[in-house]
Structure formats: C-alpha cells, structure tokens
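Undergrad: just a sequence and a predicted model for now, questions to come.
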Amino acid sequence: MKNNYIIRPREASDLEDFVSLRRRVFGDDAEFIEFFDACFRDDYLDFLIIEDQDDNEVLQASLTQFDMGKLVVPEGKVSDIAGKSIEMSYAICTDPAARGKGYGSHITVYAREIAESSRKLSMLSPAEPSLIKFYEPLEYKKFMYAEQGSVLASEHVDFEFSHLQTKVLTPQEYNNYRETILANRVHIKLSEGALRFAAGLVTPATAGSAPSNNAESADLAGSAPALDAGSADLAGSAPALDSELEAPDCSGFLLISDGAEPLAIAACEAAEAGSLAAAELLTFSEDGGHKELGIAIAKALATRCGAMRCDYMMPSRSGSETSAALGMISASYEELAEVYSAATGECPPYMGFTFG
C-alpha cells in the first residue's frame, strides 16, 4: 500500500469513526449525517482515506460526493457540457493530526476522476475564498458566482412595499418558479436530493419529504409555472395568498409579493439569535439578480419576523464588482467559454445553495 493509505467508499463499520471525524472538523453529528443520507439516498458516496498505522486502519480524511443536479445552459447555446450531471464534492476534511500529508488534494482529485469517468462534471464550493488557490491546481475553475451580504432591519433601502405578503411554497412549486426565473442564466437545475436537503434546512419538518418523481406527479425540477393568459403571469397578478399560507416567522420556501405583484422567491431559515438567513433569494426581474430589490426584500423579511438583520445570497448581475466565486467546476476553459462570456454582458452562472 504505497504511502501506507488507500481511498475507498465508506462502509457500515466506518460510521462511528466517520461521524467522529466530521464532528471534529465541522461540528456535524450523527443526526445531521442521517438527515443527509435520507435526502440523497442512493445518489451519494462518502470516500475515505484509510492510513495503515502499525497494522491498524485509521481514518484520516473524507469527502462526500453527491448528485447536485444538471448544468442548464440558456437556449441558443451549444456545448458538450450542457445538460451534464454535476457531482458535488462536499465536506472535504482531514483529521487535524494528519494535515500536511496531501490527503485533501488526493481525495479531491480521486472524487473528480470518479465523476469524470462517468462523463459527469465535478464541482465544489470552497468554504473560504483562500481555498480557491488550493483547488485551482486540481483542475477546478471559478465559474459560478453570487452576491452575499447582510442588511439590517434599521437600514435605509431603495424600495418600499405597500402590502408585502409571503406564501409558503412546496419544494416542487419553489423549484418550478426557480427554473422559470433562471431560464436565461447558466445554472444548476437541482436534483431531488439537493432539493430535499434544502427543504430540510429551511423547514426541518419537511426533511426527506419532497414530492416523488413519478407519472402521477410533476417533476421536482421539471416544468415551470405556465405563463399564459389562463394562468397568473409572473410579472403580473400573483396567486391569492390565503392567510393560512402566510409565513409569519419567514421560514421555509416562500413566494414574496407586494399586493398582487410577485417580487421574488426565497429559501429562509432562522439563523443565530436575532437574525434571518435567506439561503437563496431570487427576484423575478433581472434573471433573479435585481440586487437593490433583493436587499429591500431581505430587510422587509427581517422586519416582518422581528429579526435585527437578514443574511442573503442571490445571483450576480453582469459586471458586478461585489460578486463572490462560490462554485468551481472541472471543465476546460474552452468548454466554459462556450456557455458563458462576461465580455458580452451575460449574467454570471449561478449555483444556488452552497455546499462547502
């Protein structure tokens, strides 16, 4: 066993050591790992680096790879990577006592090669901007961007609302609105597992309960709400917002309207004391990235639920100087140039929920 270690999938007997490593590095517990398993079911693998220490097998590093969804490219773009499945490398961690041995690099490259061997794209979301330089030599390129920030409930914003309303959406409804909003922007169409995971984070009672894909139900990542004379126009009148569908605590998948005008959708959860987190906020205007409107909505949501501030993430505008690279992908520069060009003023690609 060269270098005295092997990389292999996690087995049932590894669970205790795996949970212990994740707890030491990220603070995750067995309950969270069981929740992740319930969300992604058979669409993920945990890879482990096992080191031989005096004939004892010791877990030194791990990485979770899961089905994030598919790469959606706007109509009119032609590329070999359009529609490809994306395998997300998540929770990449090394035991603090084993750092400096290259295990983080080795397990990341291993997962990338596994994805590419199945003609899939490998992707990751650096937990810190400083890690971008760590992943670039491993053949990952910055590709997906977002605006992240916080707004205080006491701040002045550029928009005022006369009658702000929120309606709780099912995961299926949220994903359908999401696809409509992002149709003209390179983005990831969420897998069922990713949607279940997001739903469980913002509304724990729904964990693992996203509608199934079958002939009797709509595809979770399928058809968007129809925009025709017989239905509510996304830029016009919104569906009636019944009082029992309101979200007074601002948690869950939400449709946000000002009276009859739908403004945005958001995935919100209560964060630390006195704050609200909009893990994703998409405006119906500017392909999801109307920043001033998004900030005003975030402030209004904070005020509505009695929070001091709202942290938010939303797509970036073309030419934005404040966007952050949140997604790195294992495609060639030539392939990426086929689907997105900053020089022509296109909206930057958008990943959505981050998985660091």
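TA: Here it is on my side, so go on.
Undergrad: going by C-alpha atoms from here, please, whenever you check contacts or count neighbours.
TA: OK.
Undergrad: tell me where the stretch 1-150 of the chain has strands.
TA: In the stretch 1-150 of the chain, strands defined by DSSP state E, counting those that start in this stretch lie at 5-9, 44-53, 56-72, 85-94, 121-124, 141-152, listed in chain order.
Undergrad: hmm, who's touching the second one?
TA: Translated: strand 44-53. For strand 44-53, contacts defined as C-alpha atoms under 8 Å, 6 or more residues apart in numbering pick out 4-10, 57-67, 103, 107, 111.
Undergrad: per-residue confidence for the residue located most distally from the centre of the chain?
TA: Within the chain, the residue lying farthest from the chain centre (C-alpha atoms, centre = their mean) is Asp54, at 41.3 Å. The per-residue pLDDT reported for Asp54 equals 87.
Undergrad: how about Pro262?
TA: 95.
Undergrad: which of the strands of the stretch 1-150 of the chain sits most buried?
TA: strand 121-124 (a mean of 26; mean count of other C-alpha atoms under 10 Å).
Undergrad: what is that one packed up against?
TA: strand 85-94, helix 103-117, strand 324-329 (3 or more C-alpha pairs under 8 Å, 6 or more residues apart in numbering; DSSP states H and E).
Undergrad: so for Leu281, which of those sits nearest?
TA: strand 324-329 (15.2 Å; C-alpha to C-alpha).
Undergrad: got the buried residues for the helix or strand just after the closest one?
TA: Following strand 324-329 in sequence order, the next helix or strand is helix 333-339 (DSSP states H and E). Of all the residues in helix 333-339, those buried under the rule 16 or more other C-alpha atoms under 10 Å are 336, 339.
Undergrad: I'd like the average pLDDT over helix 333-339.
TA: Helix 333-339 comes out at a mean pLDDT of 92.
Undergrad: which other residues reach it?
TA: Residues contacting helix 333-339 (C-alpha under 8 Å, 6+ apart): 73, 77-82, 141, 143, 186.
Undergrad: include distance to Ala199 when you put the strands of the stretch 1-150 of the chain into a markdown table, please.
TA: Below are the strands of the stretch 1-150 of the chain laid out as a markdown table (distance: least, C-alpha to C-alpha, whole Å):
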| stretch | distance to Ala199 |
| --- | --- |
| strand 5-9 | 27 |
| strand 44-53 | 18 |
| strand 56-72 | 14 |
| strand 85-94 | 18 |
| strand 121-124 | 20 |
| strand 141-152 | 20 |
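Undergrad: Asp17: which of the ones you listed is closest?
TA: Closest approach to Asp17 among these (C-alpha to C-alpha): strand 56-72, 6.9 Å.
Undergrad: show me the contacts for the nearest residue to Asp17 once chain neighbours are set aside.
TA: Using C-alpha to C-alpha, 6 or more residues apart in numbering and skipping the chain neighbours, the partner closest in space to Asp17 is Leu59 (6.9 Å). By C-alpha under 8 Å, 6+ apart, Leu59 lies in contact with 17-18, 48-51.
Undergrad: one step back: ramachandran coordinates for the residue farthest from the centre of the chain?
TA: When read as degrees, to the nearest 10, the backbone of Asp54 gives phi 50, psi 50.
Undergrad: could you shift the numbering so residue one becomes 35, and keep it that way?
TA: Yep, numbering from 35; the last one is Asp88 now.
Undergrad: any idea how far Ile40 is from it?
TA: Relative to Ile40, Asp88 is positioned 15 Å away (C-alpha to C-alpha, to the nearest Å).
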